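Novice: what's the 3D shape of this:
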Amino acid sequence: MPDATDLLLVKSGGASVFHEWIDGFAACCPGLTVKEWDDTSVRDDEVTYVLVGQSAHGLLRDWRRLALAQEQRRWDHFLGRRTARDTRVGVLGLGHIGLTAARMLGGLGFPVHGWSRSAKRIDGVTSYAGMAQLRACLEASDIVVGLLPHTNETMRLIRAETIGWMPHGAGLVSGGRGSLVDLPDLLAALDSGRLGGAVLDVFEQEPLPPDHPAWVHPRLTVTSHVAGFATRRVRAAYVAEAMAVLEQGGTPLYLYQHERGY
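Specialist: Here you go, the predicted structure:
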């Protein structure tokens, strides 16, 4: 481990971001002296280590940006600000799909939060429940993943007020029901930079009209309600299994519950 007698010279990102290198090394190597490449007070014989990397700084690693760059045949190289370990994901809806998503995200190294109508205990997932805890979950989520059913309680749950609870520049992925998101409020938040980006697979009006502004928004990725579909072969196998369970006097999984609305 470097000590106070060592000096690291950094040539990466420029002067505007040098403070981030200072903070980063202070956290992991508190005794190390870190100087910028162009620091004229540093003599060559004082330098123990040199870090060189000239990649541009300050730009998010986002799929939408890369897709636009490919469409324009433009090489757009940039660095992300966070890794998975630094990116908190809040999954709204902890049913079968939400639970699977939460576990997969946790397996990839993301700190995962989950919100549902009733409390759940899930290993590796910080659980929030009920409307009283929605704000706390959103405040703790750098990316919000919407996988909720359509109910009176979930309609327009993501709107200007609740978007304001998310960290500035947060992202949203919606793959449950189109009624979850107030689309005009979402577009306004993307325009202002309050949200950094969004991916929507579901909409209240489907197909989405060709002249809708969502299609061309640079911070929004639109997919055509394809995220949740299995093949007909897989669905047929599930139906056959459910029928077999009923024939044996059992109760199939994932039954619709009228009182809940899903």
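Novice: ok, Leu186 to Ala170 distance?
Specialist: Between Leu186 and Ala170 the distance is 12 Å, computed by Cβ to Cβ, to the nearest Å. All C-beta spots, glycine's among them, are computed from the backbone N, C-alpha and C.
Novice: For the one helix or strand Gly98 maps to, what is the distance to the chain centroid?
Specialist: For Gly98, the host element (DSSP states H and E) is helix 96-107. On the basis of Cα atoms, centre = their mean, to the nearest Å, helix 96-107 sits 13 Å off its chain's mean C-alpha point.
Novice: Which residue, other than its chain neighbours, is closest to Trp63?
Specialist: Spatial nearest neighbour of Trp63, chain neighbours left out: Thr221 (6.8 Å); criterion: Cβ to Cβ, 6 or more residues apart in numbering.
Novice: Quick check: which element contains the one you found?
Specialist: Per DSSP H and E: strand 220-222 holds Thr221.
Novice: List the buried residues for the next helix or strand after that strand?
Specialist: Downstream of strand 220-222, the next assigned helix or strand under DSSP H and E is helix 232-247. Within helix 232-247, the residues that count as buried by 16 or more other Cβ atoms under 10 Å are Ala242.
Novice: One more: stretch 251-262?
Specialist: Counting neighbours by 16+ other Cβ under 10 Å, one finds that the buried residues in stretch 251-262 are Tyr262.
Novice: Tell me which residues are up against that stretch.
Specialist: Contacts to stretch 251-262, defined as Cβ atoms under 8 Å, 6 or more residues apart in numbering, come from residues 95-96, 117, 149-152, 241-242, 245-246.
Novice: can you do 7 Å?
Specialist: With Cβ atoms under 7 Å, 6 or more residues apart in numbering as the test, stretch 251-262 has contacts from 96, 149, 151, 242, 245-246.
Novice: tally of neighbours for Lys120?
Specialist: Lys120 is flanked by 17 other residues according to other Cβ atoms under 10 Å.
Novice: Now for it: which residues touch it?
Specialist: Listed by Cβ under 7 Å, 6+ apart, the contact partners of Lys120 are 94, 114, 127.
Novice: how much space between the residue nearest to the first one when sequence neighbours are not counted and Gly130?
Specialist: Beyond its immediate neighbours in the sequence, the residue positioned closest to Leu94 (Cβ to Cβ, 6+ apart) is Ser116, lying 4.1 Å away. As defined by Cβ to Cβ, Ser116 lies at a distance of 9 Å from Gly130.
Novice: who's more crowded, those two?
Specialist: Set side by side, Ser116 and Gly130 show more neighbours around Ser116, with 21 against 12, by other Cβ under 10 Å.
Novice: what's the more buried one sitting at in phi/psi?
Specialist: Per-residue torsions, Ser116: phi -150, psi 170 (degrees, to the nearest 10).
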